[in-house]
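In: coordinates for the following, if possible.
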Amino acid sequence: MKLSYIIPVYNVEKYLKECIDSILAQTFDDYEIILVDDASPDNCPYICDGYAERYPDIIKVIHKKNAGPAAARNDGLKIASGDYIWFFDSDDVLKADCVNKVYEMALKTNVDILQMSFMSFHDGKDDSYKTESVFEYGKVIGHKELSKYVASSNTDRSVIFAWRNIYKKAFLDDNNVLFDPSLRMLEDPPFNTLAFLKAKSFSAADIPIYSYRIRQDSLQRKKYVENYDIVMEYQWSLKLKYYRDFSDNDGLFYKDIAEFTIKTNLPVLLSNIYSNNIDGKYTFLKRIGNSEMLRKSFEDYDIKDFKSKSLDWWATFFIKKKLYPLAHFICKNILYK
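Out: Sure thing, here's the model as predicted:
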């Protein structure tokens, strides 16, 4: 078996058939699809079983108690028999006849991880656009250079998404690279950080393989997720741990992840609080401001390096100085009005 697609399935009956059909329509013919039903409350379990009945030699189905996409991917990996693993999202779509090109490039480069470019679109809109890899296409990168890249990778999508890569199964198994099952969301960055730090070889291919559907109702895009800041801080702590344990590089990583936390994660957390009709906004703001994630980030990155002193900068400055009433005023009345 050359390739295993592992697809966690939860509450995606609107999209699941299109996802599976896009794989079945490929001319590449040596593969399996592992559908992991994470106790989906809609018709997805029946859809999965229906496909397995029609394609018994191709499609396997796991029905399990709900534990989140990270645990579902790990369960799929346990029974996968492909030489390469593709962690696929159940609401996305493969571009027509692209897998042969991907597999040919995987054989040619013989790398632990092969990354592709991809297309994105907003659900219900015809606005597709391409995201390139930051790596030079076709170049094989060794462990040392890849590890250095992780030290400056937090601000792009090369580490953020697992589905834009295919992984040698032997590499994942030999190095015990798994998703953290305690994470119900944001599980890809820690997984990829660990994978990138352990990989001995990596390459990128300019093959726009994937149509990434941006959904307003998807897990990461819920208007407010309870304890979102706690989950994000845990993900941050895992990335730091993996880097300390498996990298032999200097401290560039810490400044970079601090910059990413302040410039990207903090606005997301503030938007989650202030763009939604929830109680206790000020309390949530203080919890974020007092977190170890922000304390360490403010130590490792000087916000004076911001290019402009916008209102976002002032909100960040007031949070750093723990002047929460001022930060609260800006967020509530101006930034997220």
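In: check what pLDDT Tyr129 gets.
Out: You'll see Tyr129 listed with a pLDDT of 54.
In: please identify the buried residues of stretch 229-246?
Out: By neighbour count on 16 or more other Cβ atoms under 10 Å, the buried set for stretch 229-246 is 229, 231-236, 238-240, 242-243, 246. For the C-beta atoms, the positions are set from N, CA and C on the backbone; glycine is no exception.
In: can I get these in a markdown table with secondary structure and distance to Tyr31?
Out: Formatted as a markdown table, the buried residues of stretch 229-246 follow (DSSP: H, G, I helix; E, B strand; the rest coil; distance: Cβ to Cβ, whole Å):
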| residue | secondary structure | distance to Tyr31 |
| --- | --- | --- |
| Asp229 | helix | 39 |
| Val231 | helix | 33 |
| Met232 | helix | 34 |
| Glu233 | helix | 38 |
| Tyr234 | helix | 34 |
| Gln235 | helix | 31 |
| Trp236 | helix | 35 |
| Leu238 | helix | 31 |
| Lys239 | helix | 31 |
| Leu240 | helix | 36 |
| Tyr242 | helix | 30 |
| Tyr243 | helix | 34 |
| Phe246 | helix | 30 |
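In: from those residues, pick the one nearest Ile141.
Out: Closest approach to Ile141 among the buried residues of stretch 229-246 (Cβ to Cβ): Phe246, at 16.1 Å.
In: how far away is the closest residue to the closest one other than its chain neighbours from Phe191?
Out: Distance criterion Cβ to Cβ, 6 or more residues apart in numbering; nearest residue to Phe246, sequence neighbours excluded, is Leu197 at 4.0 Å. Using Cβ to Cβ, to the nearest Å, Leu197 is found at 11 Å from Phe191.
In: could you pull out the helices for the stretch 151-300 of the chain?
Out: With helices called from DSSP state H, counting those that start in this stretch, the stretch 151-300 of the chain shows them at 157-160, 169-174, 188-198, 228-246, 252-260, 266-274, 281-289, 292-300.
In: same thing with the stretch 1-150 of the chain?
Out: Under the criterion DSSP H, counting those that start in this stretch, the stretch 1-150 of the chain carries helices at the ranges 16-24, 44-54, 69-79, 99-109, 143-150.
In: now do the buried residues in the first one.
Out: Using 16+ other Cβ under 10 Å as the test for burial, helix 16-24 gives 16, 19-20, 22-23.
In: for the stretch 51-200 of the chain, what are the low-confidence residue spans?
Out: Residue ranges of the stretch 51-200 of the chain with pLDDT under 70: 120-131, 151-159.
In: one more time with 50
Out: Low-confidence segments of the stretch 51-200 of the chain (pLDDT under 50): 154-155.
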